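**Q** any chance you can model this:
(one chain, ligands or ions: 1)
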Amino acid sequence: MNLNKKSDLLLKAFELIEDGIKNRDSLFHTLTMSNFDGKNISSRVMVLRDFCKKTRTLRFHSDVRSSKVKNLKNNKSTSVIGYDPKLKTQIRFQGVSKVNHKNKKTKEAWGESQAISKKCYSVMDGSSAIIKSPMKYDFHMKDIVLEDGYENFSTIEFQFNSLEFLYLQRQGHRRCRFLWDKKGKLSSSWLVP
Ligand SMILES: Cc1cc2nc3c(=O)[nH]c(=O)nc-3n(C[C@H](O)[C@H](O)[C@H](O)COP(=O)(O)O)c2cc1C
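**A** The predicted structure follows:
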């Protein structure tokens, strides 16, 4: 990678994100997503499930009953960030999220999910509910009908129109922002790190 070439940085960002889908050791496998809850910015770690370069879309999975999904229905604006200290690389995205629930896309994603992931969606009362004791909410696989969880399963499709790549190095960092307009036309600028 030539750190002084913007196109190389974008390729690297796409490569790292693509690798993060399946590579559990990648620090881009779990990304931090932030959105607006009506009063404050709310952030949480989420597993990256898929990335489509063509549409610039990252896919995440979540419980439709969760706070984040409720908030995203009111305000789609979303920011996603990941950092790997070994690679000294931060990738920051901004864009909008779309929630899918009980449609063709969730059917496909649910079909590809493993039992260990499916079981979370059978949890009583739903993610983010206030409870008296956590033990009542432990998973007992024998009591769960895995497929019932589909009712609560949603996918979040996050489409970014801004990607910022930051690489840290002693002699001078490299920070570059890539922006896509409504027609998908790309422009890029170096930023003071
Ligand atoms: C390593 C890790 C991975 C996580 N992956 C997901 C995920 O893929 N989807 C999800 O909804 N929550 C995931 N969580 C839990 C969220 O960070 C968060 O606590 C939960 O979804 C509730 O967030 P909310 O109240 O903002 O909706 C993960 C947490 C950790 C620590």
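
**Q** and Asp37, how many neighbours?
**A** 15 (other C-beta atoms under 10 Å). The C-beta positions use only the backbone N, C-alpha and C, and glycine is treated the same way.

**Q** distance from the chain centre to the worst-scoring helix or strand of the chain on mean pLDDT, please.
**A** Within the chain, no helix or strand scores below helix 115-118, which has a mean of 87 by mean pLDDT, DSSP states H and E. Here helix 115-118 is found 18 Å from its chain centre; the criterion is C-alpha atoms, centre = their mean, to the nearest Å.

**Q** can you check stretch 115-134 too?
**A** 20 Å.

**Q** repeat that for stretch 56-74.
**A** Taking mean C-alpha positions (C-alpha atoms, centre = their mean), stretch 56-74 and its chain are 9 Å apart.

**Q** so which helix or strand takes in Glu108?
**A** For Glu108, the element it lies in under DSSP states H and E is helix 104-112.

**Q** now stretch 176-193: average pLDDT?
**A** The predicted model assigns stretch 176-193 a mean pLDDT of 97.

**Q** ok so, going back, what is the helix holding Glu108 packed up against?
**A** For helix 104-112, the contact count by 3 or more C-beta pairs under 8 Å, 6 or more residues apart in numbering; DSSP states H and E identifies strand 153-167 as packing neighbours.

**Q** if we go by neighbour counts, what in whichever helix or strand comes after the strand it packs on is buried?
**A** Downstream of strand 153-167, the first helix or strand assigned by DSSP H and E is strand 174-180. By neighbour count on 16 or more other C-beta atoms under 10 Å, the buried set for strand 174-180 is 174-178, 180.

**Q** so which of those residues comes closest to Val192?
**A** Within those, proximity to Val192 (C-beta to C-beta) peaks at Arg175, which comes in at 7.1 Å.
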